[in-house]
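> Just to be clear, the model below is a prediction. Sequence and coordinates:
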Amino acid sequence: MTNGSKYRQVEQYIIKEIEKGNLKTGDQIMTEEQLCEKFGFSRMTVNKALNRLSEGGYITRTPGKGSFVSTPQVRKTTGDHQSFTNDMERIGLKAGSSLISYEADVAAKYPKAKKMLGLNDDDFVHYFIRLRTGNGKPIAVSYTYISAKIIPAIDISCLSKSFYAYLDQIGITRDRTDMEIRAVLPDKEKKELLHIDHSALLLSSHVTYTMIDQVLKPFEYIETYYNGDMYSYTTEF
């Protein structure tokens, strides 16, 4: 058995304990000495496993105190367009949504959304702001613009749940998504909503299209600001 496969055994053991819920956020994991005794591996092998787990965001190592389970992180690829609700399910958290504000007005009031959705000045837009949570903890804030040409009316009660589940219910398919991702610093509003200070945010802005009469038409433009400590994206080549 190679040293490489040994440290991976330690890694996978701890990852599985986290995924099964036996180790939760903030829990202290076994010490190096305890892991050495459990697996019969050298201190160097166990240390390498713990360093890799720390680099991967699974644990946080604090000198003199030990290693602790980190806040779970959503790891997505740029081709992954799963909903926030699905993201939370994948890391074992219950998704929540709190509606901060809703309004409907002419597109001229929202220049960027008007452009992204291909609307005229007098076309109407649904605009709402939502705070997204995982197990009650603020994780993201989203600013959503919906074309009233495609979705004339919205049941406001759905905005405190899963909006995409509502779209499925009314028969609106999501057939294409154009996405842009970048890091930004939070303004005062986002600091207050997400309970952060100066942590960088991950801004995901995208346009979603639906197929109508065999033509793709944009119906949603959304800017979502994620807590950068909980979300990461990778690009597949």
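Great, that's in hand. Residues are numbered from 1 along each chain as shown.

> Might you calculate how far the top helix by length along the chain sits from the centre of the chain?
Ranked by residue count, the top helix of the chain under DSSP state H comes out as helix 3-19. The chain centre lies 25 Å from the centre of helix 3-19; the measure is Cα atoms, centre = their mean, to the nearest Å.

> other SSEs contacting it?
Using 3 or more Cβ pairs under 8 Å, 6 or more residues apart in numbering; DSSP states H and E as the contact test, the elements touching helix 3-19 are helix 32-39, helix 43-55. The way it works is simple: take the backbone N, C-alpha and C, and place the C-beta from them, glycine included.

> Pick the most buried one from the ones you listed.
Across the helices and strands packed on helix 3-19, averaging neighbours per residue (mean count of other Cβ atoms under 10 Å) puts helix 43-55 on top, at a mean of 17.

> How about the contacts made by Ser160?
Applying Cβ atoms under 8 Å, 6 or more residues apart in numbering to Ser160 gives the contacts 97-99.

> Check it and give its pLDDT.
Here, the pLDDT recorded for Ser160 equals 87.

> Kindly report the same for His81.
Looking at His81, its pLDDT stands at 69.

> re earlier: buried sites along the longest helix of the chain?
For helix 3-19, the buried set under the neighbour-count rule, 16 or more other Cβ atoms under 10 Å, comprises 6-7, 10-11, 14, 17-18.

> Export those as a markdown table, with columns for distance to Lys190.
What follows is those, written out as a markdown table (distance: Cβ to Cβ, whole Å):
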| residue | distance to Lys190 |
| --- | --- |
| Lys6 | 44 |
| Tyr7 | 39 |
| Val10 | 38 |
| Glu11 | 34 |
| Ile14 | 33 |
| Glu17 | 34 |
| Ile18 | 29 |
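
> Out of these, flag the one nearest to Ile170.
Ile18 (37.5 Å; Cβ to Cβ).

> any idea how far that closest one is from Ile172?
36 Å (Cβ to Cβ, to the nearest Å).

> cool, and Phe128?
16 Å.

> Please apply the same query to Met30.
Met30 sits 49 Å away from Ile172, going by Cβ to Cβ.

> what does Ile222 give?
Distance from Ile222 to Ile172, by Cβ to Cβ: 14 Å.

> okay, now the domains of this protein?
For the chain, automatic domain parsing gives the domain ranges 3-69, 74-234.

> tell me the mean pLDDT over the first one?
Averaging pLDDT along domain 3-69 yields 89.

> how far does it sit from the chain's center?
25 Å.

> related to what we said a few turns ago, among the contacts of Ser160, which are in strands?
Applying DSSP state E to the contacts of Ser160, the entries found in strands are 97-99.

> List buried residues within those residues.
Ser97.

> can I get the ones in strands among the contacts of Ser160 in a markdown table with distance to Ile146?
Formatted as a markdown table, these follow (distance: Cβ to Cβ, whole Å):
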| residue | distance to Ile146 |
| --- | --- |
| Ser97 | 15 |
| Ser98 | 18 |
| Leu99 | 14 |
